[in-house]
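Undergrad: Dropping a prediction and its sequence here:
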Amino acid sequence: MGEPFAESDDKQADISYFSRHRARPVTLHVLGLVRGWHDCKSVLDVGARSGGFLYRVDPRYSVRIATDIYKPLYMGGDDPKVLFIHGDFLDLKFDIPFDVVVCLEVLEHIDLVNRPAFAKKLLSLTKKHLLVSIPYMWKNSKEPMDHNNLHEGHIHEWFNRTDCTTAVFGRPAIGEHLLARFDL
């Protein structure tokens with residue numbers, strides 16, 4: 001897999017990460033969608049960092065699982081219904097598919113050759129809704145990963161399907177993000 005997120009060295013850094021990166025318009029939109037799907041009871045957040053997103057999801061979701069390649073030093077809350085699984089997503093085994101799978105700002109961190117397998121696994125674990133976001137058409141990013149010039153065509157290629165709805169969030173001056181929604 002690609003270079004994982006840098007592991008934080010303190011609790012405050014993990015809290016700050018969610019505040020800076022997960023409170024983007026795309027994340028807030030995803031949170032609204034997930035909260036609005038009243039027929040859904042299980043959610044998986046892939047690349048969850050400290051699990052902060054799932055602590056903001058409605059507690060009626062009886063299964064809430066966060067996973068990341070790094071074990072966080074701090075989890076985003078104390079809800080016993082949020083389970084964190086540490087490990088490489090491609091190596092993890094799950095017994096059930098999830099009503100909702102969320103993967104925000106992760107695919108660009110995966111080695112290019114592994115992105116189709118990663119996407120296939122996301123789809124295989126999704127029962128109803130899959131939500132994926134990536135940086136959208138960034139130019140000259142200083143990030144060490146593949147952040148530049150990503151667009152809908154990449155989602156179609158990695159997932160080997162075009163039956164998704166896409167929307168762009170953010171502002172060009174500070175960075176836009178593409179959200180792809182697959183309803184299965």
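TA: Great, that's in hand.

Undergrad: so the residue nearest the centre of the chain bridges to which residues?
TA: For the chain, the residue nearest the mean C-alpha position is C103 (2.0 Å; CA atoms, centre = their mean). With beta bridges defined as DSSP bridges, C103 has these partners: V132.

Undergrad: what about V30, neighbour count?
TA: 25 (other CB atoms under 10 Å). For the C-beta atoms, the positions are set from N, CA and C on the backbone; glycine is no exception.

Undergrad: same thing with L184?
TA: Each residue near L184 was counted by other CB under 10 Å, and the total is 11.

Undergrad: try T27
TA: Neighbour count for T27, taken as other CB under 10 Å: 23.

Undergrad: what about it, which helix or strand?
TA: T27 is located in helix 25-36, with elements delineated by DSSP states H and E.

Undergrad: State the next helix or strand along the chain beyond that helix.
TA: strand 42-46.

Undergrad: Identify each buried residue in the helix holding T27, please.
TA: Within helix 25-36, the residues that qualify as buried are 26-27, 29-31, 34, counting by 16 or more other CB atoms under 10 Å.

Undergrad: okay, the angle between it and strand 42-46?
TA: Helix 25-36 runs at 160 degrees relative to strand 42-46, counting by axes from the mean of the first three to the mean of the last three CA atoms, to 10 degrees.

Undergrad: For helix 25-36, enumerate the helices and strands it packs against.
TA: Here helix 25-36 is seen to pack against strand 98-104, strand 126-136, strand 165-171, strand 175-183 when contacts are counted using 3 or more CB pairs under 8 Å, 6 or more residues apart in numbering; DSSP states H and E.

Undergrad: Highest mean neighbour count out of those?
TA: Across these, the average number of neighbours (mean count of other CB atoms under 10 Å) peaks for strand 98-104, which reaches a mean of 24.

Undergrad: All set now, cheers.
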